[in-house]
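>>> got a predicted model here, sequence first, then my questions.
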2 protein chains.
Amino acid sequence: MTPTRTTRLERGRGALGPALELVHTGRAPTRAVLTAELGVTRATAGAVAAELEALGLITVDSRPTAAAGSQGRPSHRLSVNPDGPVVLAAQVHADGFRAALVGLGGRIVATAPGSLTVEADPAQVLAEVVGVGARLLRETGRRCLGAGLSVPSSVAEPEGTALNPLHLPWPAGVPVREIFTRCLAEARIPGPSGDAPLTGHAANDINLVALAEHRHGAGRGARDLLCVATGHRGVGGALVLDGRLHTGSSGLALEVGHLTVDPDGRPCHCGGRGCLDVETDPLAFLDAAGREPGPETNMLRRALELLRTEYATDPAVRDAAHLLIDRLGLGLAGLVNILDPDRIILGGLHSALLEVNGERLHAVMAERSLWGRSGTVPVLACALEHSSLVGAAELAWQPVLDDPMAVLGG
Amino acid sequence: MTPTRTTRLERGRGALGPALELVHTGRAPTRAVLTAELGVTRATAGAVAAELEALGLITVDSRPTAAAGSQGRPSHRLSVNPDGPVVLAAQVHADGFRAALVGLGGRIVATAPGSLTVEADPAQVLAEVVGVGARLLRETGRRCLGAGLSVPSSVAEPEGTALNPLHLPWPAGVPVREIFTRCLAEARIPGPSGDAPLTGHAANDINLVALAEHRHGAGRGARDLLCVATGHRGVGGALVLDGRLHTGSSGLALEVGHLTVDPDGRPCHCGGRGCLDVETDPLAFLDAAGREPGPETNMLRRALELLRTEYATDPAVRDAAHLLIDRLGLGLAGLVNILDPDRIILGGLHSALLEVNGERLHAVMAERSLWGRSGTVPVLACALEHSSLVGAAELAWQPVLDDPMAVLGG
DNA sequence: CCGCTTTGTTCGGAAGCGGCACAAAGAGAG
DNA sequence: CTCTCTTTGTGCCGCTTCCGAACAAAGCGG
């Protein structure tokens, strides 16, 4: 209940969007807080809340909320409507395919896996995942307001093509957004406004992890959030600025994997040497610890298990972890010097490295950054399950958060 | 007259601010264009233009504008009022101190140097520069709406302290913004609203160069603009996102000097090796060309002259230039991978390197970036004189551009 | 039971903007 | 020169949105 930074109201889109976003991200538990955060009068906040309730997006609970002991008339509790509309979120990655219905607040209402194997081609995979989503919609009877897709690849804008699908036998340049949208149309999933078909949104999985963590996870409240994570191979990054994903002018920003973190390191396919990408991923860890890497699509799990079980006992594992922590610290310090975020979130192997020895990571960052700045940036581990699925849903919710009336018809 | 991207109107601040910004940056020469760019009706655009004219900020010239040959009723010409209010811009750097009055449109109305030498302490220097500005204001009788200061140092936010003043005998951490504001108060410079004193704004010079180039120079029309430039020593960077400076959460973003561009390079004070900072600055160039560096505060001029006069004739100079171009290209490719700007602007020695052999720079960037992305980013040289002074003025104009009525009283 | 505090609502009224009709100013055709 | 066509600028009305102020509601403490 500390209305610090009043989100200045931009009347143009109405106050509805900002208000919904506050409830959606859990920053407006009551109308009183909403009033303060929006910087409007109680009258306006009340009207806005009533409107959102009428749209079925939020619920107002007027029962005495087990009063917090404060004086005055108790507030009514605002919360996301658990029975309200949902969006369709789809996830494509090497471990399998999955569809989900996600409500406001990042709550997963229903989810189910696809059954195809990774060998299937893009159109088949997306058609199946959309089909699973359509089935979930029929089963739950929910209204669907949008659709978002998470892909393990950079997505070029404005074309919406996947440039480097990881661990999938897809050619480069698959127009995933277009295919996704076509599948949605063919599955006859009714959009919010009558018979107009849904338009699909698609983005890189790490971008979506960052978005999800920013709205509902370890990044809540941060203004500029940097997210760095590993998959099985390589390192990805994402940046949320002022609540929006920063994808750059062609969607390819935050390719952080090719910062040099070891001038004497191994060559990288980018033409450089000692890149973050090849020096801090699970393969690099297994290699440094003297273990056989094993199959590529199992490296992250193997690395995580090795780190968690043998860090305390096996000196080779500990040394390998420290080596990676030092390199990661160098890379993060470099990113802090360029981006100056106010929080950093790590995922995959990186978050495990943070957990086993965060002090060392902080020390390296503090030493290798200018003005000791990066020593003061909070570094946290990812906090959400299914974060890229939730992030795909955020992508789909965005138009609703921008202007609820425009989407829901008024 | 191609209203491509309609700057969506945000009613909250009124249409006044966006409209003024369009005229200010020369993107709204007529009311018709203003109508299209704002996405409002002609009636609204007309009312807005009338309001801005009444405020004395713009002028409407209804004379037949030497008609452009098109059909229909000729437009009235909208332009910035050359006799309108100004802001006070001040510049502090090793070559001397300077104050200026800058009108809308980035036009320097009056300017004069200070007389103190670099040995003077911060408070003396700022007091003198502000005094010069006050004198200019008295002489011209202009109304002053704000004040901005350019410093050759990173400026920490929110404190407004200069962390690493270059070529000035200032200690680290001088609270320049506070001192500047105090000097403005002591000089009794009347603010826009009655007797309330002016608040000073301050920022790093390269940030201000980027801002000025974005509004009035080679960066006009870019959405995400990256600026990289050298002074006498070292390399600085700045980023404009969506028309705003991105200074990061503590004002220290875009410290691009410590990207590794030569794994075998010389050691850098940051603890790394082969940093952009020490491998592409004027000293590195003079060194590579086998010349004596000479005094530190003359290196940029010496390097520029050497490059321009002897690149075509002296193989040693040409080889040195190519070496620096290759390293710069590597650094820029790294930045493109992270930031994905839609335009890059180079200043200082870097812009001269671009001019002598831009093809080579583009080739290196294309080769060393992912998806060949950075091969397609336009790279341009700085186009403005006194750009950091104009940028300091932009900083001061910003509140007016955000909400003219709030500043000018309504 | 009566103040006190905080929250929510109701009711004008002001401001900003869209829509429409109309006026203005040139180009081109005859 | 005049008439029509095209584009630009303006006056007026009404809608939407929000603020301000008064009032009502709901708990707490005496």
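Structure received.
>>> distance of residue A:211 from residue A:306?
30 Å (CB to CB, to the nearest Å). From N, CA and C alone the C-beta is placed, and that goes for glycine too.
>>> and the strands in the stretch 251-400 of chain A?
A:343-347, A:379-381 (DSSP state E, counting those that start in this stretch).
>>> and stretch A:37-56, is it in reach of chain B?
No - applying CB under 8 Å from any CB of the partner chain, one finds stretch A:37-56 separated from chain B by no less than 10.2 Å.
>>> only alpha carbons, please: show that stretch as PDB.
Taking C-alpha atoms only, stretch A:37-56 is exported to PDB below (Å, rounded to 0.1, in the frame of the first residue of the first chain):
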ATOM      1  CA  GLU A  37      -1.600   4.200  -8.900                       C
ATOM      2  CA  LEU A  38      -3.600   5.700 -11.800                       C
ATOM      3  CA  GLY A  39      -3.500   9.200 -10.400                       C
ATOM      4  CA  VAL A  40      -7.200   9.800 -10.900                       C
ATOM      5  CA  THR A  41     -10.000  10.600  -8.500                       C
ATOM      6  CA  ARG A  42     -11.900   7.900  -6.600                       C
ATOM      7  CA  ALA A  43     -14.900   8.600  -8.800                       C
ATOM      8  CA  THR A  44     -13.000   7.700 -11.900                       C
ATOM      9  CA  ALA A  45     -11.300   4.600 -10.400                       C
ATOM     10  CA  GLY A  46     -14.700   3.400  -9.300                       C
ATOM     11  CA  ALA A  47     -16.200   3.800 -12.700                       C
ATOM     12  CA  VAL A  48     -13.300   2.100 -14.300                       C
ATOM     13  CA  ALA A  49     -13.500  -0.800 -11.900                       C
ATOM     14  CA  ALA A  50     -17.200  -1.100 -12.600                       C
ATOM     15  CA  GLU A  51     -16.600  -1.100 -16.300                       C
ATOM     16  CA  LEU A  52     -14.000  -3.900 -16.100                       C
ATOM     17  CA  GLU A  53     -16.300  -5.900 -13.900                       C
ATOM     18  CA  ALA A  54     -19.100  -5.400 -16.500                       C
ATOM     19  CA  LEU A  55     -16.700  -6.700 -19.200                       C
ATOM     20  CA  GLY A  56     -16.200  -9.800 -17.100                       C
END
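>>> in the stretch 251-400 of chain A, which spans are helices?
A:276-279, A:282-288, A:299-310, A:315-339, A:349-356, A:358-367, A:387-402 (DSSP state H, counting those that start in this stretch).
>>> out of the ones you listed, nearest to DNA strand C?
Closest to DNA strand C of the helices of the stretch 251-400 of chain A is helix A:387-402 (CB to the nearest atom of the strand; 17.2 Å).
>>> what's the angle from the closest one to strand A:343-347?
Using axes from the mean of the first three to the mean of the last three CA atoms, to 10 degrees, the inter-axis angle of helix A:387-402 relative to strand A:343-347 is 140 degrees.
>>> output the contacting helices and strands for helix A:387-402.
Helix A:387-402 sits against helix A:16-24, strand A:86-93, strand A:96-103, strand A:108-113, strand A:144-151, strand A:200-204, helix A:205-216, helix A:404-408, with contacts defined as 3 or more CB pairs under 8 Å, 6 or more residues apart in numbering or on different chains; DSSP states H and E.
>>> adding mean neighbour count, mean pLDDT and distance to residue B:222, write those out as JSON lines.
Shown next, in JSON lines, are those (neighbours: other CB atoms under 10 Å in any protein chain shown; pLDDT from 0 to 100; distance: least, CB to CB, whole Å):
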{"stretch": "helix A:16-24", "mean neighbour count": "23", "mean pLDDT": "96", "distance to residue B:222": "27"}
{"stretch": "strand A:86-93", "mean neighbour count": "28", "mean pLDDT": "96", "distance to residue B:222": "33"}
{"stretch": "strand A:96-103", "mean neighbour count": "22", "mean pLDDT": "96", "distance to residue B:222": "36"}
{"stretch": "strand A:108-113", "mean neighbour count": "16", "mean pLDDT": "98", "distance to residue B:222": "40"}
{"stretch": "strand A:144-151", "mean neighbour count": "28", "mean pLDDT": "98", "distance to residue B:222": "28"}
{"stretch": "strand A:200-204", "mean neighbour count": "27", "mean pLDDT": "98", "distance to residue B:222": "23"}
{"stretch": "helix A:205-216", "mean neighbour count": "28", "mean pLDDT": "98", "distance to residue B:222": "22"}
{"stretch": "helix A:404-408", "mean neighbour count": "18", "mean pLDDT": "90", "distance to residue B:222": "29"}
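>>> in TSV: these, plus distance to chain B.
What follows is those, written out as TSV (distance: least, CB to the nearest CB, whole Å):
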stretch	distance to chain B
helix A:16-24	10
strand A:86-93	20
strand A:96-103	25
strand A:108-113	31
strand A:144-151	15
strand A:200-204	12
helix A:205-216	12
helix A:404-408	12
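>>> in TSV, list those along with distance to residue B:15.
Shown next, in TSV, are these (distance: least, CB to CB, whole Å):
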stretch	distance to residue B:15
helix A:16-24	19
strand A:86-93	33
strand A:96-103	36
strand A:108-113	41
strand A:144-151	30
strand A:200-204	30
helix A:205-216	31
helix A:404-408	20
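>>> quick one: which of these is nearest residue A:273?
helix A:205-216 (23.8 Å; CB to CB).
>>> on that earlier part again, between the helices and strands packed on helix A:387-402, which gets nearest to DNA strand C?
helix A:16-24 (12.7 Å).
>>> now what about that closest one, what contacts it?
A:7, A:9-10, A:28, A:33-34, A:37-38, A:45, A:48-49, A:51-52, A:57-58, A:78-80, A:104-105, A:215, A:243, A:397, A:400-405 (CB atoms under 8 Å, 6 or more residues apart in numbering or on different chains).
>>> are that helix and DNA strand C in contact anywhere?
No - using CB under 7 Å from any atom of the strand, helix A:16-24 stays clear of DNA strand C, with a minimum separation of 12.7 Å.
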